[in-house]
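A.B. asks: I would like the atomic coordinates for the input below:
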Amino acid sequence: MRRAVCPGSFDPVTRGHLDVVRRAAGLFDEVVVAVGTNPSKNRLFEPDERLAMLERACAEWDNVRVDGFRGLLTTYCQDNDVVAIVKGLRGAGDFEYELPMAHMNSSLTGVDTVFLPTDPQWSFLSSSLVKEVAGLGGDVSAFVPDFVLERLTERLAERQAERRTRGA
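C.D. replies: Numbering: from 1, shown residues only. Next up, the predicted model:
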């Protein structure tokens, strides 16, 4: 079985992420969407929330599963018989950022990285941008699944209420 991993923080999952997962699912026998958890980073959603949203978002693909990991992605790859890391590239900047990591990962474990160019309709999309636009009241409904939009809206309202409470 040829297993690949699509790693990320997915905070939150976007339609751009899902496009890459869908395409990877057509190339490999199994795709693991691996949610990295780093306790030192401040995320909008907790790891279990991101996992749950991804499980729902990826439910339509029989050969895709969702898992979490801590530490090095290469360790996860070795422990789970992963033959390839799949990364979506939005542009040259992503390539410049991802290429050294791909070389390091290959040097550490021999696991290759497969780069998939992002569908042009999602080439500007990132979780950070979605959070920023939504936080400022913009409509991001075209960029995330409906259930993610609902949870994103709720979480941003919770954070805004917390800020008001602290400021009062």
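A.B. asks: any stretches of the protein with poor pLDDT?
C.D. replies: Counting by pLDDT under 70, the low-confidence segments of the chain come to 40, 168.
A.B. asks: now the helices for it?
C.D. replies: Assigned helices in the chain, in chain order: 15-27, 47-57, 73-79, 92-109, 127-135, 146-167 (criterion: DSSP state H).
A.B. asks: so which of the ones you listed comes closest to residue 7?
C.D. replies: If you check each of these against residue 7 by CB to CB, helix 73-79 wins as the nearest, at 5.3 Å. All C-beta atoms are positioned from the backbone trio N, CA, C, and that covers glycine.
A.B. asks: what's that closest one in contact with?
C.D. replies: Contacts made with helix 73-79 from outside it, assessed by CB atoms under 8 Å, 6 or more residues apart in numbering, are listed as 5, 7, 34, 36, 69, 82, 85, 105, 108-109, 111.
A.B. asks: which among these end up buried?
C.D. replies: Applying 16 or more other CB atoms under 10 Å to these, the neighbour count classes 5, 7, 34, 36, 69, 82, 85, 105, 109, 111 as buried.
A.B. asks: could the residues you listed be laid out in TSV, adding distance to residue 25?
C.D. replies: Conversion of the buried ones among the contacts of helix 73-79 to TSV gives the following (distance: CB to CB, whole Å):
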residue	distance to residue 25
5	12
7	15
34	14
36	20
69	19
82	14
85	15
105	21
109	23
111	18
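A.B. asks: among the residues you listed, which are in strands?
C.D. replies: Applying DSSP state E to those, the entries found in strands are 5, 7, 34, 36, 69, 82, 85.
A.B. asks: ok, now which ones touch the closest residue in space to residue 145 that isn't next to it in sequence?
C.D. replies: With CB to CB, 6 or more residues apart in numbering as the criterion, residue 145 has its nearest non-adjacent residue at 5.5 Å, and that residue is residue 57. Taking CB under 8 Å, 6+ apart as the contact definition, residue 57 lies against 13, 18, 145, 148.
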